[in-house]
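> Structure for the following, please:
(one chain, ligands or ions: 2)
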Amino acid sequence: MSDPKSAVAVLGAGSWGTALASLIARNGHPTMLWGRNAAQVEAIDQRHENPRYLPGIPLPDTLRATTDLAHAIEGAGLILVVVPSHAFTETLALLAPLRTAGVGVSWATKGFEPGSGRFLHEVAGDLLGGDVPLAVVTGPSFAKEVASGLPTAITVQSEDEAFAQTVADVLHGPTFRAYTGTDMRGAELGGAMKNVLAVATGAADGMELGLNARTGLITRGLNEMLRLNRAIGGRAETLMGLAGLGDLVLTCSGDLSRNRRLGLALGRGEKLEDAVRAIGQVVESVQTADEVMRLAERHGIELPISSNVRAVLHGDITPAEALGRLMAREQKPEFE
Ligand SMILES: NC(=O)C1=CN([C@@H]2O[C@H](COP(=O)(O)OP(=O)(O)OC[C@H]3O[C@@H](n4cnc5c(N)ncnc54)[C@H](OP(=O)(O)O)[C@@H]3O)[C@@H](O)[C@H]2O)C=CC1
Ligand SMILES: O=C(CO)COP(=O)(O)O
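Ligands and ions are numbered 1, 2, ... in the order given. Sure, this is the predicted structure:
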């Protein structure tokens, strides 16, 4: 008889937390999903559906859900945090005194700590202590498609190679390929920046600027990612892989993306608050654009597309003015 599979706690019962918990449960791991909303948790636990975030998609009967964090992590051999970036520090601070020593912590959150701009692995290291294995799960992966069992490829990056493999093994399955690597900085930067760049391509599409404009923005956006990545010490190949280019293409071109949909709405002249309300789920770029630009300014890197997205999100300029600014920039070599 094979060894029983280790228990996993997934913290955050939104669309991505629910999709990943469902995947892990289907892979045969006893899986407990923690959420803060009692009615939603009950629906997941009893009716095997998350009607608020993944309506109509059946969840495995074996997936359990709770609002009790201590209960969620009891006996877990792995913790996967999937709350939005604005709730990351708060969630890890709740987790820190409760967790069992030696249990590794991974996260699928994309973004930075709001306000400080710290990388999430820096936040996790500070709050959990240096001896806890840490890993980031990232890549091109719409929750709805993963929850529906459609083929997906992602990457798990950790400085602890054995831990990256452990997390990848928990996720990997017949419809889900999990690759591994050791570059947390590059992976986190890619996952955060693609959300900001998706607003730019969405806005261009909302203004009906055509496919050339969309592709020009994706490609010059990749260049922005590579330049900032070089400055922060990430590996270029990480940004050319699933965590960078892969997620950038998905988010800039797929209408399931909430960041792209925000851009589409802004490009059509809708107000930011109305668009975010209509989307009804987290739109990380609203926060992340500030943090990306804070990081870029700290490193003296110019990011024209990202800085124009920030200006549009702040209401300082319209998408049409952003386009005018980008098109009027001085001519220059493609690579510097
Ligand atoms: N959805 C996707 O396809 C993907 C998402 N991601 C990333 O995953 C992260 C989570 O996003 P996603 O699940 O999509 O977001 P959703 O908007 O779908 O859900 C957010 C969830 O977080 C909960 N939440 C918010 N604040 C807190 C808090 N302070 N404490 C506990 N729970 C909280 C919400 O609870 P409540 O309902 O009570 O507000 C809700 O359950 C983001 O960083 C996103 O970029 C990454 C890859 C794919
Ligand atoms: O990160 C994602 C896909 O990889 C989800 O993108 P959005 O947050 O824009 O919906």
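
> who's in contact with Phe335?
Asn223 (CB atoms under 8 Å, 6 or more residues apart in numbering). Any C-beta I mention is one placed from the backbone N, CA and C, and that applies to glycine too.

> What residue spans form the domains of the chain?
Residue ranges for each domain of the chain read 8-182, 191-328, as given by the TED database.

> Can I get those in CSV including distance to Phe335, mean pLDDT and mean neighbour count?
As requested, the domains of the chain are exported to CSV (distance: least, CB to CB, whole Å; pLDDT from 0 to 100; neighbours: other CB atoms under 10 Å):
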stretch, distance to Phe335, mean pLDDT, mean neighbour count
domain 8-182, 24, 98, 20
domain 191-328, 8, 98, 20
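
> among the ones you listed, which is nearest ligand 1?
With CB to the nearest ligand atom as the measure, domain 8-182 is the member of the domains of the chain nearest ligand 1 (1.8 Å).

> Using the three-state scheme, assign Ala65.
Classification of Ala65 using DSSP: H, G, I helix; E, B strand; the rest coil returns strand.

> Now render the domains of the chain as CSV, adding distance to Glu334.
Output for the domains of the chain, formatted as CSV (distance: least, CB to CB, whole Å):
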stretch, distance to Glu334
domain 8-182, 25
domain 191-328, 8
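
> can I get those domains in CSV with distance to ligand 2?
Below are the domains of the chain laid out as CSV (distance: least, CB to the nearest ligand atom, whole Å):
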stretch, distance to ligand 2
domain 8-182, 5
domain 191-328, 4
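
> So which bits of the chain are right by ligand 1?
Counting by CB under 6 Å from any ligand atom, the chain comes close to ligand 1 at 12-17, 35-37, 53, 82-85, 87, 90-91, 108-111, 141-143, 281-282, 284.

> Can you show me the strands along this protein?
Under the criterion DSSP state E, the chain contains strands at 8-11, 31-34, 64-66, 78-81, 104-107, 134-138, 152-157, 176-181.

> which helices and strands sit right next to the first one?
Here strand 8-11 is seen to pack against helix 15-26, strand 31-34, helix 69-73, strand 78-81 when contacts are counted using 3 or more CB pairs under 8 Å, 6 or more residues apart in numbering; DSSP states H and E.

> In the sheet, which strands lie alongside it, parallel or antiparallel?
strand 31-34 (parallel), strand 78-81 (parallel) (DSSP bridges).

> before we move on, what about the shortest one?
For strand 64-66, sheet partners with direction are given as strand 31-34 (parallel), following DSSP bridges.

> hang on, the earlier thing: for the strands paired with strand 8-11, could you give me CSV that also reports distance to Leu127?
Converted to CSV, these look like this (distance: least, CB to CB, whole Å):
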stretch, distance to Leu127
strand 31-34, 17
strand 78-81, 11
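
> Ok, which of these comes nearest Asn195?
strand 78-81 (17.7 Å; CB to CB).

> Give me the distance from that closest one to the chain's centre.
Distance of strand 78-81 from its chain centroid, counting by CA atoms, centre = their mean, to the nearest Å, is 15 Å.

> Tell me who's in contact with the residue most central in space within the chain.
By CA atoms, centre = their mean, the chain has its centre lying nearest to Lys110, at 2.9 Å. By CB under 8 Å, 6+ apart, Lys110 lies in contact with 85, 138, 188, 191-192, 194-195, 284, 288.

> what do you get if the cut-off is 6 Å, keeping everything else the same?
191-192, 284 (CB atoms under 6 Å, 6 or more residues apart in numbering).

> would TSV of those with distance to Ser148 be doable?
Output for these, formatted as TSV (distance: CB to CB, whole Å):
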residue	distance to Ser148
Gly191	22
Ala192	26
Glu284	22
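
> So which of these sit within helices?
Here DSSP state H is the test, and these give 191-192 as lying in helices.

> wait, which of the contacts of Lys110 is closest to Met240?
For these, the nearest to Met240 is Gly191 (14.3 Å; CB to CB).

> nearest spatial neighbour of Ser6, skipping sequence neighbours?
Gly77 (3.4 Å; CB to CB, 6 or more residues apart in numbering).

> Ok, Leu171 next?
Ala178 (4.3 Å).

> The one you found is in contact with Val167, isn't it?
No. Look at Ala178 against Val167 with CB atoms under 6 Å: they stay out of range, at 7.5 Å.

> In contact with the residue nearest to Leu171, which residues?
Contacts of Ala178 (CB under 6 Å, 6+ apart): 154, 156, 168, 171-172.

> Format those residues as a markdown table; extra columns: distance to Thr100.
Listed next are those as a markdown table, based on distance: CB to CB, whole Å:
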| residue | distance to Thr100 |
| --- | --- |
| Ile154 | 26 |
| Val156 | 21 |
| Ala168 | 22 |
| Leu171 | 21 |
| His172 | 24 |
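
> Quickly note the distance from the closest residue to Arg298 other than its chain neighbours to Gln287.
Nearest non-adjacent residue to Arg298, counting by CB to CB, 6+ apart: Gly117, 7.9 Å away. Using CB to CB, to the nearest Å, Gly117 is found at 10 Å from Gln287.

> now do Gly17
18 Å.

> With Ala203 instead?
18 Å.

> How about Ala311?
Using CB to CB, Ala311 is found at 15 Å from Gln287.

> Now do the helices for the stretch 101-250 of the chain: every range, in order, please.
Assigned by DSSP state H, counting those that start in this stretch, the stretch 101-250 of the chain shows helices spanning 120-128, 143-147, 161-171, 184-206, 211-232, 236-239, 247-253.
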